[in-house]
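Engineer: Sharing a model prediction with you, sequence too.
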Amino acid sequence: EEHRFVIDIGKRVDVIEIPDKTQNLDNLREGSIAKKITAYTYSASLYDIVNMYNQVGDELFQRNVRYGINDQLEVEKSIKETLRNNPENFWFLNNGITITVQKKSALNNSKNSSVILDYNSLKFPEVVSVINGAQTITTAAEFWYDDIGSKDENAEEIRERARKQARVLLRIMCVNEDKKDCQAELDQISISLNRQKPIKGEDIAYTSPLVLEINQLFKADENDDIHFYITKRGEQIFGKYQYSLTDFARTIKAYRLQKPGEARTQSSNKILDYISKNVGPDYTEAVKNEDAEQAFQKYFKPTNFAMKALSYYREAEKRIAPKGEHDPVILGNGGYYFVAYLIYVLYQDSSDYTDFAGKTDQIDERLDGMLRQYLEVLNDLGDEYVNNTKKPVDSNTFKNEELYYELTEYKNKGTNRAVQKKVKELEEEIKKQLL
């Protein structure tokens with residue numbers, strides 16, 4: 001079945017095209033966006049755009065650096081009031097909507113009063129995406145499809161008036177047919193158009209090839225225990241193995257670098273720098289040189305295991321009654337220590353996790369006995385730490401790796417044989433439970 005999105009634009013003669021047909025692109029400087037992308041500006045039917053979202057859903061926003069952020073300025077309320085009471089004012093009161101089209105044949109703008117997006121010739125979200133105006137579209141969709149219930153006697157009349165009168169500024173950024181490598185320019189446009197709202201480092205980092213590769217693999221196989229999905233800030237999470245980019249980055253740093261203290265305490269920007277400047281470039285280079293699935297398992301196979309272990313630990317903190325002197329501090333601050341240590345015991349080759357065999361489905365309350373052993377060992381090491389450093393075991397202890405390295409090295413370098421024995425027994429129990 002052929003699907004087409006037809007968007008009313010009034011009169012084609014009113015369209016603004018940048019660069020215009022008289023402009024010689026060869027005269028533009030290197031780095032000019034106009035060399036790769038043509039922009040068309042219309043006064044469009046808001047309802048037609050909302051209808052496109054009604055059929056496609058949130059995938060329409062996948063290349064948008066942010067959407068669904070909590071509404072703190074009552075923008076959504078204002079949008080609905082305008083549509084309900086004065087839809088003819090909508091064009092004047094809204095910043096507009098921007099759509100990118102990454103395939104020239106997907107856009108038909110030859111009609112006199114409409115533009116057409118051919119759904120059959122493209123796959124969402126890679127080819128067509130709303131990169132600015134997601135809040136406008138989703139709020140208007142609520143107005144037309146959800147908000148005005150049967151309690152309003154004039155509901156249909158109000159909707160119909162808004163359908164006919166609500167216009168919106170629409171910009172379509174279309175990649176020139178002979179240009180393929182335009183992602184950097186499209187990301188630049190998306191980020192710049194959203195700067196009127198607070199953008200965090202996580203929003204920008206989300207546009208990286210690393211995130212796109214990981215999410216594509218997840219969508220290809222959502223039912224295993226290896227792949228996962230990285231959510232955009234503000235995006236609702238449905239189902240398992242879906243994580244925010246910052247949580248993902250902290251966990252990766254804890255187990256790959258064996259830096260659980262830094263993973264816990266570094267700022268979001270520093271943690272995201274580790275992903276965007278270290279892991280990301282290495283991973284995307286690996287994808288170029290080998291099979292994408294092979295590269296994924298090499299770098300990220302333990303991630304779901306680690307995230308579930310962290311979740312288990314945080315639940316156990318509420319459930320397990322402290323016994324040792326240091327238990328409250330360990331339980332309250334040692335989650336990343338626990339995750340890093342489990343993976344250290346189970347698999348020590350941090351350069352290639354392809355053969356990691358930790359059993360994610362075994363992580364539940366059955367591990368409580370092993371966790372007790374872990375707490376007992378850390379209490380013993382905590383006592384030694386206090387004696388040797390003259391510093392208390394408190395939340396600051398877990399902001400670095402000093403105590404953690406005592407734990408990982410104690411089996412071979414520890415001075416107390418009784419504690420050494422406990423460490424060896426703990427490692428054996430971890431392997432018994434999770435391999």
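Structural biologist: Arrived safely, thanks for sending.
Engineer: And the nearest residue in space to D225 that is not next to it in sequence, how close does it get to I237?
Structural biologist: In this structure, D225 finds its nearest non-sequential neighbour in T360, 4.8 Å apart by CB to CB, 6 or more residues apart in numbering. For the C-beta atoms, the positions are set from N, CA and C on the backbone; glycine is no exception. Using CB to CB, to the nearest Å, one gets 18 Å for the distance from T360 to I237.
Engineer: cool, Y353 as well?
Structural biologist: Y353 is 24 Å from I237, by CB to CB.
Engineer: For the helix or strand of the chain with the lowest mean pLDDT, what is the distance to the chain centroid?
Structural biologist: The least trusted helix or strand in the chain, going by mean pLDDT, DSSP states H and E, turns out to be helix 201-205, with a mean of 78. Here helix 201-205 is found 9 Å from its chain centre; the criterion is CA atoms, centre = their mean, to the nearest Å.
Engineer: for the record, mean pLDDT for the helix or strand just after that helix?
Structural biologist: With elements assigned by DSSP states H and E, the helix or strand that comes after helix 201-205 is helix 209-220. Mean pLDDT, helix 209-220: 89.
Engineer: Helix 209-220 packs against which elements?
Structural biologist: On a contact count with 3 or more CB pairs under 8 Å, 6 or more residues apart in numbering; DSSP states H and E, helix 209-220 meets strand 229-231, helix 280-289, helix 292-300.
Engineer: Not counting its own residues, what contacts it?
Structural biologist: 205, 227-230, 241, 245, 275-276, 279-280, 283-284, 287, 292-293, 296, 300 (CB atoms under 8 Å, 6 or more residues apart in numbering).
Engineer: Any quick ChimeraX command for the buried ones out of these?
Structural biologist: Filtering the contacts of helix 209-220 down to the buried ones (16 or more other CB atoms under 10 Å) takes a single ChimeraX command:
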select :205,227,228,229,230,241,245,275,276,279,280,283,287,292,296,300
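Engineer: which residues touch the nearest residue to N269 once chain neighbours are set aside?
Structural biologist: Closest residue in space to N269, ignoring its immediate chain neighbours: G201 at 4.7 Å, by CB to CB, 6+ apart. By CB under 8 Å, 6+ apart, the residues touching G201 are S268, N269, L272.
Engineer: and with 10 Å instead?
Structural biologist: L245, T246, S267, S268, N269, K270, I271, L272, D273, S276 (CB atoms under 10 Å, 6 or more residues apart in numbering).
Engineer: Equivalent analysis for L378, please.
Structural biologist: 324, 326-327, 329-331, 334, 337-338, 341, 385, 393, 403-404, 406-407, 426.
Engineer: let's see it at 6 Å
Structural biologist: L378 makes contact with I330, according to CB atoms under 6 Å, 6 or more residues apart in numbering.
Engineer: Distance check, the residue nearest to D225 against I79.
Structural biologist: Applying CB to CB, the value for T360 to I79 is 43 Å.
Engineer: So which of these two has more stuff around it?
Structural biologist: I79 (24 against 18; other CB atoms under 10 Å).
Engineer: Find the nearest non-adjacent residue to the more buried one, please.
Structural biologist: T139 (4.5 Å).
Engineer: And K11, by the same measure?
Structural biologist: S113 (6.4 Å).
Engineer: count of residues packed around that neighbour?
Structural biologist: 10.
Engineer: same deal with the one 4 residues further on?
Structural biologist: Here the count is done by other CB under 10 Å, and L117 has 21 residues near it.
Engineer: Low-confidence bits of this protein, can you list those?
Structural biologist: Applying pLDDT under 70 to the chain picks out residues 1-3, 62-74, 119-126, 147-152, 177-180, 195-199.
Engineer: Just the CA trace of stretch 181-190, in CSV.
Structural biologist: Taking C-alpha atoms only, stretch 181-190 is exported to CSV below (Å, rounded to 0.1, in the frame of the first residue of the first chain):
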residue,chain,number,x,y,z
ASP,A,181,27.6,12.9,3.7
CYS,A,182,25.4,15.5,5.4
GLN,A,183,24.9,14.2,8.9
ALA,A,184,27.2,16.8,10.5
GLU,A,185,25.3,19.6,8.9
LEU,A,186,21.9,18.2,9.8
ASP,A,187,23.1,17.7,13.4
GLN,A,188,24.4,21.3,13.5
ILE,A,189,21.0,22.6,12.3
SER,A,190,19.2,20.5,14.9
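Engineer: Pull the residues that contact that stretch.
Structural biologist: I33, K36, I37, V65, T100, I131, V175, T207.
Engineer: got the phi/psi numbers for N109?
Structural biologist: Per-residue torsions, N109: phi -120, psi 30 (degrees, to the nearest 10).
Engineer: what residues are up against it?
Structural biologist: V115.
Engineer: if you go through this structure in chain order, where are the strands?
Structural biologist: Taking DSSP state E, the strands of the chain run over residues 4-8, 16-18, 37-45, 97-101, 107-108, 114-118, 128-132, 167-175, 229-231, 242-244.
Engineer: May I ask you to confirm that S350 is in contact with R256?
Structural biologist: Yes. Using CB atoms under 6 Å, S350 makes contact with R256 at a distance of 5.4 Å.
Engineer: okay, those two: which has more neighbours?
Structural biologist: Each of S350 and R256 has its neighbours counted (other CB under 10 Å); R256 has more, 22 against 13.
Engineer: Would you agree the more buried one is in contact with D349?
Structural biologist: No. Counting by CB under 6 Å, R256 stays clear of D349, with 10.8 Å between them.
Engineer: from the middle of its chain, how far away would stretch 83-98 be?
Structural biologist: Counting by CA atoms, centre = their mean, stretch 83-98 comes out at 30 Å from the chain centroid.
Engineer: That one: which residues count as buried?
Structural biologist: Neighbour-count burial for stretch 83-98, counted by 16+ other CB under 10 Å, picks out L83, R84, P87, F90, W91, N94, G96, I97, T98.
Engineer: quick one: contacts of it?
Structural biologist: Contacts for stretch 83-98 (CB under 6 Å, 6+ apart): 82, 131-133, 136, 143, 158, 162, 165-171, 193.
Engineer: Straight-line length of that stretch, end to end?
Structural biologist: 20 Å (CA to CA, to the nearest Å).
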